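Visitor: predicted model and sequence follow; I will ask about them next.
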Amino acid sequence: MSVADLIAKVNAGAPPSGGRSQRRAAAALPPQAPPTQTDGPDPASEPPAAPAPALELPDVMPDIAAVAYPSEVPDLGRIHGTSLDPADSPDWDGLSATTELPDVAPEIPLDPVGPHRYAEPDEDEPRAPHRRAKAAGRAAAAMLAILALVLTGSAWQWSSSKNRSLNHISALDPDSHDILDAAGQYGDENFLIVGADTRAGANSSIGAGTTDDAEGARSDTIMLVNIPANRKRVVVVSFPRDLAITPIQCEAWNSATGVYGPVYDEETGSYGSELVYTETKLNSTYAFGGPKCLVKEIQKLSGLAINRFMAVDFVGFGKMVDALGGVEVCTPSPLYDLVLGSVLENTGRQRVNGATALNYVRARHVTTEDNGDYGRIKRQQLFLSSLLRSLISTNTFFSPTKLNNVVNMFIGDSSVDNVTTKDLVNLGQSLQKVAAGHITFVTVPTSETDENGDEVPRMDDVRALFDAIINDDPLPGENDHNATSVPTTTALSPTAPSTSAPESPARPLSEQVRAVTTSPAEVNVRVSNATEQAGLAGGTSERLQQWGFNVDNADDYPGTVKATKVLFSPGNEQAAATVSSALSDAPIERVSGLGNIVRVVLGSDFRTVTKPAASGSQINVQLTRNTSAEPTELPDDLTVTNAADTTCE
């Protein structure tokens, strides 16, 4: 039985899911444990009420292995005699360094970055670029690991036992005060992906240098992946390695052990400080304070609630590419790097193996490029776009043999926080229908370099970019095509001119979202009458109060409306959903200025108040967008790569 057959079998027994967004309406808090029942009016003293709305929600995805193999769970390590070495795999066809393809489709790159903890502040000579050039592959590895797994997935359910082998590390800070509109981000998946430049272990044997060149670990590539609650798009934001930051204080971190706290110095025979300051480059946060420090800075810059972390060193990048049978790239001219030498001898479309792909995405001194990291970032984004188009069109990860190779690579060469194989399976299931045109790569906008050689972020434009991401506003180049070339902003440096992007599809004015209810005792309600029926607001207020809601003075709404609606302000999603459940699932609408008050506007369609859903229930509600809210205005020189763009750059 194929993996696709297994998925079909699982889905046949599961309730239909349908696409929902939890974007602006879902609650910021998780479901509360055991639901409590609020005392309400005596049922015997009132007319029978209509039954409370019961919205069917999909259960947790059944275990694929349990459905398909009730008596046994297959061991991926034994399927088809697969091996981590692609040459030993039955699917491996002996791919050469570059194999020219006739008339295929993709091309695309990733983004590296990373300072040395022990380098001198002014060490910007050949040695520093050399180390930087050797460090980018983990970028691709990281992004591949997350996006490849996220967009496909299924057989990962089988490998849940492998979670014990994952390298877990503390990175996340869900209570950070830097997170903006946490309620509005409820249901989003925000992965921080790091390509870790470390010379330890196997990395020293593949041309990355040794620990004598650079000790510790650096975040050579930093990508923030946003997948909104409605799972209708993917946004990947690349941060230049040398992005200028204000030094911050973080807990010291030992990259060799993954432990936070004072680091022992063998040369002096003493421990260092418990708290350390970073330098002025973004990648110094990882070098000095590890994943926690990097997450702290990225959340401050973006306002996004980072809820998953993954760091992958670049040894795994080659393994993954080889496990996939290579990835297609395209170059309009031969690619030669002053440090790495010849990367691509031929022009046009060609499929590359892991070793060549590693050089392709990490090359930083290319003779035909004069923009350093920005050219490398662009190539990395193009590389990932090509990979994702391939996965979308061919379901590559439905091959158990190749999947096993990827699983082994992922475990051996990564460190994670709040990431399990089952998480990736469930997420992948929800993303399988995402078109390539809805996968967008963006680079943080910067201006000129400062006196330290750091890339200075344009903070107003950075804020606009992340506001658009948080609000699900359209991004340049988004389209409904799966693999069709579209014009996009193709600037390769902060000052390069941009091309016009097509107008993105307008956001829906209304969409169904999933929300979590709370106790009526925690909800403050004001009822407004928007009908010509006298006393309707007062009577409704009394009924809501009987069900345990805290009710404010009723009033009249200016004008009349046909449809009853529930108004709320950001952060009050749970309360609005709870009120909606007592009003025949009246739509909720996000507005400003209400604070902790939920305002019910009674329309001519209003009938009665019913028993609200129990606290902690997950329900579906209709979220109506405030039509007066305009999409965030973005700078017109954003560097954007759309995964549907197949032009050869």
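Guide: Done, it's in.
Visitor: pull the longest helix from this structure.
Guide: Ranked by number of residues, the top helix in the chain under DSSP state H is helix 373-394.
Visitor: pull out the buried positions in it.
Guide: Residues 373-392 are the ones in helix 373-394 that count as buried (16 or more other C-beta atoms under 10 Å). All C-beta spots, glycine's among them, are computed from the backbone N, C-alpha and C.
Visitor: what mean pLDDT does stretch 639-649 get?
Guide: Average pLDDT, stretch 639-649: 86.
Visitor: and that stretch, which residues are buried?
Guide: In stretch 639-649, counting by 16+ other C-beta under 10 Å, buried: 639-646, 649.
Visitor: ok, stretch 251-269 next?
Guide: Neighbour count says stretch 251-269 has 251-255, 258, 260, 262-263 buried, by 16+ other C-beta under 10 Å.
Visitor: name the residues that touch it?
Guide: 167, 169-170, 198, 200, 216-217, 270-276, 287-293, 415 (C-beta atoms under 8 Å, 6 or more residues apart in numbering).
Visitor: these in helices, which ones?
Guide: 287-293.
Visitor: can you put those residues in JSON lines and add pLDDT and neighbour count?
Guide: JSON lines is the format used below for the ones in helices among the contacts of stretch 251-269 (pLDDT from 0 to 100; neighbours: other C-beta atoms under 10 Å):
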{"residue": "287", "pLDDT": "91", "neighbour count": "28"}
{"residue": "288", "pLDDT": "92", "neighbour count": "26"}
{"residue": "289", "pLDDT": "94", "neighbour count": "24"}
{"residue": "290", "pLDDT": "94", "neighbour count": "27"}
{"residue": "291", "pLDDT": "95", "neighbour count": "27"}
{"residue": "292", "pLDDT": "97", "neighbour count": "21"}
{"residue": "293", "pLDDT": "96", "neighbour count": "25"}
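Visitor: can you tell me which of these is closest to residue 332?
Guide: residue 287 (35.8 Å; C-beta to C-beta).
Visitor: from residue 252, how far off is that closest one?
Guide: Note on residue 287: its distance to residue 252, by C-beta to C-beta, to the nearest Å, is 11 Å.
Visitor: my guess is residue 567 meets residue 601, correct?
Guide: Yes. Contact criterion C-beta atoms under 8 Å: residue 567 and residue 601 qualify, at 6.5 Å.
Visitor: please enumerate the shared neighbours of the two.
Guide: Overlap of the contact sets of residue 567 and residue 601 (by C-beta under 8 Å, 6+ apart) is empty.
Visitor: and residue 436, backbone torsions?
Guide: Dihedral pair for residue 436: phi -60, psi -30, per degrees, to the nearest 10.
Visitor: a markdown table for the buried residues of stretch 639-649, including secondary structure and distance to residue 584?
Guide: Shown next, in a markdown table, are the buried residues of stretch 639-649 (DSSP: H, G, I helix; E, B strand; the rest coil; distance: C-beta to C-beta, whole Å):
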| residue | secondary structure | distance to residue 584 |
| --- | --- | --- |
| 639 | strand | 48 |
| 640 | strand | 43 |
| 641 | strand | 46 |
| 642 | strand | 42 |
| 643 | coil | 42 |
| 644 | coil | 41 |
| 645 | coil | 46 |
| 646 | coil | 49 |
| 649 | coil | 54 |
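Visitor: pick the one among those residues closest to residue 469.
Guide: For these, the nearest to residue 469 is residue 640 (12.7 Å; C-beta to C-beta).
Visitor: that closest one against residue 440, yeah?
Guide: Yes. At 6.4 Å, residue 640 counts as touching residue 440 under the criterion of C-beta under 8 Å.
Visitor: where does pLDDT dip in the stretch 451-600 of the chain?
Guide: Applying pLDDT under 70 to the stretch 451-600 of the chain picks out residues 480-509, 592-593.
Visitor: the chain too?
Guide: Using pLDDT under 70, the chain drops low at 1-165, 183, 197-218, 391-411, 421-422, 424-430, 432, 480-509, 592-593, 625-630.
Visitor: okay, now the domains of it?
Guide: Per automatic domain parsing, the domain ranges recorded for the chain read 3-8+19-59+512-624, 106-507+633-642.
Visitor: did I read that right, residue 598 in a strand?
Guide: Yes. Under DSSP: H, G, I helix; E, B strand; the rest coil, residue 598 falls within a strand.
Visitor: and residue 291, what does it touch?
Guide: 169-171, 194, 253, 309, 311, 415, 417.
Visitor: returning to what we had before: pull up the overlap in contacts between residue 640 and residue 440.
Guide: 475-477.
Visitor: what distance do you get for residue 548 to residue 524?
Guide: Taken as C-beta to C-beta, the span from residue 548 to residue 524 is 12 Å.
Visitor: what about these two, which has more around it?
Guide: Taking neighbours as other C-beta atoms under 10 Å, residue 548 and residue 524 compare with residue 548 leading, 20 against 17.
Visitor: which residues in this structure form helices?
Guide: Using DSSP H, helices in the chain cover 3-12, 64-68, 127-133, 137-143, 149-151, 284-302, 315-323, 354-362, 373-394, 400-412, 421-431, 459-470, 536-546, 573-581.
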